[in-house]
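[1] here's my sequence, what's the structure:
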Amino acid sequence: MVDIAENGRTWLLSGPNSSYALHLTEADELLHLHWGPSIALADAEALAVRPLPDYRPFESPLDGREEYPVEGGPRFVRPALSVRTEERRGTEWTFEAYETEGDELRLRFGDAGLAVTLHYRMRGDVVERWVTVGNQGHAPVELLRADPATWTLPDREGWRLSQLHGRWAAESLLTRAPLTHGEKVIGSRRGHTGHQHLPWVALDTDATEERGEVYGCALGWSGSWRIGVAQLPDARVQITGGAGYDDSGLLMLAEGESYTSPVFAGLWSDGGFGDASRAWHAYQRAYVIPDADRDRPVLFNSWEATNFDISEEQQATLARRAAAIGVELFVVDDGWFGARTSDRAGLGDWTPNPDRFPNGLKPLADYVHALGMQFGIWVEPEMVNPDSDLYRAHPDWVQYQQGRKRTELRNQLVLNLAREDVQEYLWEQLDGLLSSAPVDYVKWDFNRCFTDAGWPGEPYPQRLWVDHVRALYALLDRLRAAHPGVAFESCSGGGGRIDLGVMSRTDQVWTSDNTDPLDRLRIQHGFSQIHPARIMAAWVTDSPNTQLNGRVSSLRLRFVSSMAGVLGVGGDLAMWTEEELAEAKEWVELYKGIRPVVQRGEQYRLRPPEGGLSAVQYVLGDETVVLACLQAQHYGEPAPALRLRGLDPAAAYECRETGEVHRGAVLLHHGLRTGLRGDLDAAVFRLRQI
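    Down below sits the predicted model:
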């Protein structure tokens, strides 16, 4: 809901539990008023008449108070908007008008042919913000930076910053540290979201999992990005972020052209980190993730079973075993196309290998369907091997710098998706592929970063950083429209492309290439700070884990760890014993029973994956599921106990595993002692209100 003062210069956006207010002065200075607990329009108007602080030498009264600081004028904070023409640099805008459409508020400003529109929308308690910048004049306008938002936090002492950091196979690791004066900058220079940081931050002063104020921001962009968290001299904090890492240029806007930034979303909660996470999850299920009310199927992926050595007959054998344990989606990974017998050749040639699939993919897809499963494939459309028909025909289609060596990572180069001819080629290849066989699912990978991001002959080559991502989005949108029954997964060597932007176009994301169940507990704990279980793919693979650390773990632990999201199986089923296959079938059947609660329920992190017991709880209606993993227990320690959350304290709940009836606040104690039998053990508990 948007409330507007009678003078048309104070605006208040309200959600179920919070409000966001801003005000335009007579000097056309757009000031931030409030972000936090719910207030009335009269409260916002009272805040609007408060005077700015007195001038202090070498400081600006606007800094830390402006809603959207631009470059130029009496400002010293990081600008959200930076533009230049041949004559000038910076912005000196004047207010033109405001308008509302549904739940969206738009504020329009102008500056000598430059049109700037700030967009606001409240969805639940999440505030979505973005900006549109247009050139309505004659001279070209270089857009150096156009961040969707600057977020201003209230005066507090002792701010603490939470972020998710990592690297390949160790993504989404949560860290919290005091915020000191100056600026903390995270982001990606790599052309994709990156394994090193997820585009999310949260700030608090004394919050716990269950209480306290938390401010969080998340960026919806799948290319290079930057978020800066600045502790200003007067103890205020501002968070500015958007597409692009440096100020080297986003786009050159000719007359009549415009740029719309990605969304930078913000959330305030007074219920601690757990409540903030649940609000983020609900927002994404309601407004971001396609078909979020449709539970994702249990899948099998062939990669770890076969690597590049695949054939139609071998895949059919795996499919029979997968179907026998209850798998619902069978995915053929890398190696089905072109001359793809290793990672050195074939990328870019998206036609089935005639030796491995002499009649194309349709016979295998039909066989998989006859077994009662859906059929999926792996692709990496944005890449090309030098040893490929595509590269031999179009070596100019890749990103490269004139006169410099073309850097190969994983024996591949990055296609310049900003080029219209590349876009059309990929559309024809992928549309033809999805039309040639009954494909239900596409795992879309991206296995190397930008390095030689050049475009010889292009007047403004910097635009490829933005236009690559916009073309990716357009291609996914076009494919989804043409093939509405096909689901897509975002993958980038694991968790290298996870953000609100790509999530709005894909049905799930590959969380990490690390499938070790203990490592995954920590990765999944960090992931859950912002993203819901509904989109988090998690696989059960072989033991010992030969891909990474050689650790031995039970099938029980591997399944329970993977049940925390969208369950998948990635082990070599041809090597599993009959006993293992029988046990796997029981776990898959159990997961299907709890799947609606896990994928659509509210999540409570009962114990973090540090020390001994790790546990996560899901609540949907009158059903509750607890996944518990005991990593270690030393002699003499008391038996573990869990106090569950989110339940009706006046109701009674029966635990299916133990038969116990719990009244009031549910404390799992006896069940844990009997269900968890020692180190590296795990258990599932299902409770229903009676």
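
[2] for the chain, what are the low-confidence residue spans?
    Low-confidence segments of the chain (pLDDT under 70): 633-639, 664-665, 670-671, 673-675, 677-679.

[3] now the helices for it?
    Under the criterion DSSP state H, the chain carries helices at the ranges 41-48, 272-287, 303-306, 312-324, 362-370, 389-393, 420-436, 464-482, 500-503, 517-527, 555-562, 578-600, 670-675.

[4] right, and those helices - which one's nearest V379?
    Evaluated over these, closeness to V379 peaks at helix 420-436, with 7.1 Å, by CB to CB. In this view, the C-beta of every residue, glycine as well, is placed from N, C-alpha and C.

[5] for that closest one, list every residue counted as buried.
    Under the neighbour-count criterion of 16 or more other CB atoms under 10 Å, helix 420-436 has V422, Q423, Y425, L426, W427, Q429, L430, L433, L434 buried.

[6] from F109, how far off is the residue nearest to T85 when sequence neighbours are not counted?
    The shortest distance from T85 to any residue that is not its chain neighbour, by CB to CB, 6 or more residues apart in numbering, is 5.0 Å, and that residue is A139. Going from A139 to F109 by CB to CB, to the nearest Å gives 19 Å.

[7] neighbour-wise, which of those two wins?
    Shown here are A139 and F109; by other CB atoms under 10 Å, F109 has more neighbours (21 against 14).

[8] identify the residues contacting the more buried one.
    D28, W93, T94, F95, E96, A115, V116, T117, L118 (CB atoms under 8 Å, 6 or more residues apart in numbering).

[9] report the beta-bridge partners for it.
    For F109, the residues forming beta bridges with it (DSSP bridges) are F95, V116.

[10] try G568
    L299, W539.

[11] quick check: closest non-adjacent residue to the residue most central in space within the chain.
    The chain has D499 as the residue nearest its centroid, 2.7 Å off, counting by CA atoms, centre = their mean. Spatial nearest neighbour of D499, chain neighbours left out: T193 (4.8 Å); criterion: CB to CB, 6+ apart.

[12] surely A324 and A582 touch.
    No: using CB atoms under 8 Å, A324 is not in contact with A582; the gap is 9.6 Å.

[13] relative to D28, how far out is the residue nearest to H34 when sequence neighbours are not counted?
    What sits nearest to H34 in space, not counting adjacent residues and going by CB to CB, 6+ apart, is A21, at 4.2 Å. When CB to CB is applied, the distance between A21 and D28 equals 18 Å.

[14] the two: which is more packed in?
    Using other CB under 10 Å as the criterion, A21 and D28 rank with A21 on top: 25 against 13.

[15] surely that one meets R9?
    No: taking contacts as CB under 8 Å, A21 lies outside contact range of R9: 11.7 Å.

[16] can you lay out the helices of the chain as TSV showing distance to N17?
    Converted to TSV, the helices of the chain look like this (distance: least, CB to CB, whole Å):
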stretch	distance to N17
helix 41-48	15
helix 272-287	8
helix 303-306	44
helix 312-324	45
helix 362-370	46
helix 389-393	52
helix 420-436	43
helix 464-482	32
helix 500-503	21
helix 517-527	24
helix 555-562	33
helix 578-600	21
helix 670-675	34
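
[17] now do the contacts for the residue nearest to H34.
    In this structure, A21 makes contact with T10, W11, L12, L13, H32, L33, H34, W35, I39, D43, A44, L47, judged by CB under 8 Å, 6+ apart.

[18] so what sits opposite the first one in the bridge?
    Beta bridges link T10 to H23, judged by DSSP bridges.

[19] re earlier: which one of the contacts of A21 is nearest to Y68?
    Distances from Y68 to those, taken by CB to CB, are shortest for H32, at 8.8 Å.

[20] you'd agree the residue nearest to T85 is up against E87?
    Yes: counting by CB under 8 Å, A139 touches E87, with 7.2 Å between them.

[21] chain neighbours aside, what residue packs nearest to A365?
    With CB to CB, 6+ apart as the criterion, A365 has its nearest non-adjacent residue at 4.2 Å, and that residue is F375.

[22] can you tell me how far the one you found sits from L434?
    F375 is 11 Å from L434, by CB to CB.

[23] cool, G187 as well?
    When CB to CB is the yardstick, G187 and L434 sit 34 Å from each other.

[24] what is the nearest of the buried residues of helix 420-436 to G457?
    Using CB to CB, V422 is the member of the buried residues of helix 420-436 that lies nearest G457, at 14.2 Å.

[25] report the contact partners of N549.
    D516, D519.

[26] make residue 1 into 88 and carry on from there
    Got it, the first residue is 88 from now on, which makes the last one we talked about N636.

[27] beta partners for V771?
    Going by DSSP bridges, V771 forms beta bridges with L714.

[28] next, count neighbours for it.
    20.

[29] you'd agree it is up against A651?
    No: under the criterion of CB under 8 Å, V771 lies out of contact with A651, with a separation of 10.5 Å.

[30] what touches both of these two?
    L714.

[31] now stretch 158-171: buried residues?
    Of the residues in stretch 158-171, those buried by neighbour count under the rule 16+ other CB under 10 Å are E158, G159, V164, R165, P166, A167, L168, S169, V170, R171.

[32] going by neighbour count, which of the contacts of F196 are buried?
    Neighbour-count burial (16+ other CB under 10 Å) applied to the contacts of F196 gives W180, F182, A202, V203, T204, L205.

[33] E697 and L608: what is the separation?
    Between E697 and L608 the computed distance is 9 Å (CB to CB).

[34] the closest residue in space to T178 that isn't next to it in sequence and P227: what is the separation?
    Spatial nearest neighbour of T178, chain neighbours left out: V157 (4.1 Å); criterion: CB to CB, 6+ apart. If you measure V157 against P227 using CB to CB, the figure is 19 Å.

[35] who does the closest residue to C578 other than its chain neighbours bridge with?
    For C578, ignoring the flanking residues on the chain, the nearest one in space by CB to CB, 6+ apart is W597 at 3.8 Å. On the basis of DSSP bridges, W597 takes part in beta bridges with A624.

[36] could you report the neighbour count for W597?
    Here the number of neighbours of W597 (other CB under 10 Å) works out to 26.

[37] now do the same contact list for it.
    Going by CB under 8 Å, 6+ apart, W597 touches K530, E576, S577, C578, S579, G581, G582, A624.

[38] also D474?
    By CB under 8 Å, 6+ apart, the residues touching D474 are A426, R431, A432, G433, N498.

[39] wait, the last one sits on D430?
    In this case it means N498. Yes: in this structure, N498 is within contact of D430 by CB under 8 Å, at 5.4 Å.

[40] hmm, back to that, scan the contacts of A108 and report the most crowded one.
    Ranking those using other CB under 10 Å puts L99 first, with 27 neighbours.

[41] now that residue: how far from D362?
    23 Å.
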